[in-house]
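>>> what follows is a predicted protein model with its sequence.
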Amino acid sequence: MAGSGDMNAFFHFHGDLTNLLRRRWRGATPIIQPVTRSASIKDVIESFGVPHTEVGEILCDGMPVQFSRLVAAGRRFDILPIPVPREVTQPTLLHPHPLQGLGFVVDINAGRLARYLRMAGFDTLYDSTWDDAKILQVLQLEPRILLTRSLDLLKRKEVVYGRYIRAESPVAQMREVFDVFGVTELLRAFSRCLQCNTVLEPVPKQDILPRLEPLTIRHVDAFSICSRCDKIYWEGSHVARMQRMLEGH
Ligand SMILES: [Zn+2]
């Protein structure tokens, strides 16, 4: 058709966003698409397979634009990944409402990651009975970062902050989260209950003596307790092991 080239828009995906494209679009740089309907750049990006949560910046003919920008023929769009380490407490054009700090929701596909994050002291909501609908409901009540292996869940509009977890093993997933969010030190390791996420409280050794093993009584002096599920914690070898994992050994 004569002049059909004028109807196209051009989409350049950068960095590891190219790995998230649907198979048929991988290796196509740029992706050239006719503009046949009124659609936001957000919808078009997701139609290629990339969740909006993975996008750090969108340029239209070199100028930063928001997710709501309508795609028009003749335009070039550059879609860039989120820079690492990711800063969620500062507003950006695409994320104008920053978070107070690092707080997570983890879905069923990454349950062991949730336990590691709690071990490291991060506020991490996780419940093995939660389905996608429940997770979206939780996010609406309280903005948090969704960590998941589901690209479809990240495309839901209720999800503002999220991360598609690339790594497969729980330890590698934890390393990935720490790398992405710039966690270099475990300042609050073992400050949260691994079962229920409650912040632990110190408890005098004297009060819990009957519940401790003789070896623990001999070698450990500082204990904490979960006021919700009554589980007792103390710093053991796991803290040193996690610190070593953080440092890449
Ligand atoms: Zn607890």
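Structure received.
>>> would you mind putting the CA coordinates of the lowest-mean-pLDDT helix or strand in the chain into CSV?
Sorted by mean pLDDT, DSSP states H and E, the helices and strands of the chain end with helix 237-246, the least confident at a mean of 70. C-alpha atoms of helix 237-246 as CSV (Å, rounded to 0.1, in the frame of the first residue of the first chain):
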residue,chain,number,x,y,z
SER,A,237,25.7,-19.0,62.1
HIS,A,238,23.1,-18.1,59.5
VAL,A,239,23.8,-14.4,59.9
ALA,A,240,27.5,-14.9,59.0
ARG,A,241,26.4,-17.2,56.1
MET,A,242,24.1,-14.5,54.7
GLN,A,243,26.7,-11.8,55.0
ARG,A,244,29.1,-14.0,53.0
MET,A,245,26.4,-14.6,50.4
LEU,A,246,26.0,-10.8,50.1
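>>> what comes into contact with that helix?
Residues external to helix 237-246 that are found in contact with it (CB atoms under 8 Å, 6 or more residues apart in numbering): 116, 119-120, 171, 174-175, 178, 183-186, 189-190. For the C-beta atoms, the positions are set from N, CA and C on the backbone; glycine is no exception.
>>> among these, which are in helices?
Residues of the contacts of helix 237-246 located in helices (DSSP state H): Y116, M119, V171, M174, R175, F178.
>>> might one say that the third one is in contact with Y116?
Yep, that's V171 we're talking about. Yes. Counting by CB atoms under 8 Å, Y116 is a contact partner of V171 at 7.5 Å.
>>> which of the two has more neighbours?
Between V171 and Y116, Y116 has the larger neighbour count (other CB atoms under 10 Å), namely 23 against 13.
>>> how about H52, what does it touch?
Each residue near H52 by CB under 8 Å, 6+ apart is listed here: K42, I45, E46, F67, L154, K155.
>>> of the residues you listed, closest to the ion?
Using CB to the ion, L154 is the member of those that lies nearest the ion, at 28.7 Å.
>>> how about the closest one: what's its closest non-neighbour residue?
Leaving aside its sequence neighbours, L154 sits nearest to P51 (CB to CB, 6 or more residues apart in numbering; 3.5 Å).
>>> over to R188?
G121 (3.0 Å).
>>> and the one you found, what does it touch?
G121 neighbours (CB under 8 Å, 6+ apart): L186, L187, R188, A189, F190, S191, R192.
>>> tell me the residues of this structure that contact the ion?
Residues of the chain found near the ion (CB under 5 Å from the ion) are C193, Q195, C196, T198, C226, R228, C229.
>>> what secondary structure does the third one sit in?
Taken by DSSP: H, G, I helix; E, B strand; the rest coil, the conformation at C196 corresponds to coil.
>>> now do the helices in the protein.
Under DSSP H, the chain gives helices at 41-47, 111-119, 132-141, 151-154, 170-180, 205-208, 214-219, 237-246.
>>> give me the helices and strands touching the fifth one, please.
In terms of contact count using 3 or more CB pairs under 8 Å, 6 or more residues apart in numbering; DSSP states H and E, helix 170-180 is assigned the packing partners helix 111-119, helix 237-246.
>>> low-confidence regions, the chain specifically.
For the chain, the stretches with pLDDT under 70 are 1-5, 237-238, 246-249.
>>> domain map for it?
Domain assignment for the chain by automatic domain parsing gives 4-81, 88-190+235-249, 201-233.
>>> quick one on the thing from earlier: now the residue nearest to R188: phi and psi?
Per-residue torsions, G121: phi 100, psi 10 (degrees, to the nearest 10).
>>> quick check: the gap between it and the ion.
Counting by CB to the ion, to the nearest Å, the gap from G121 to the ion is 14 Å.
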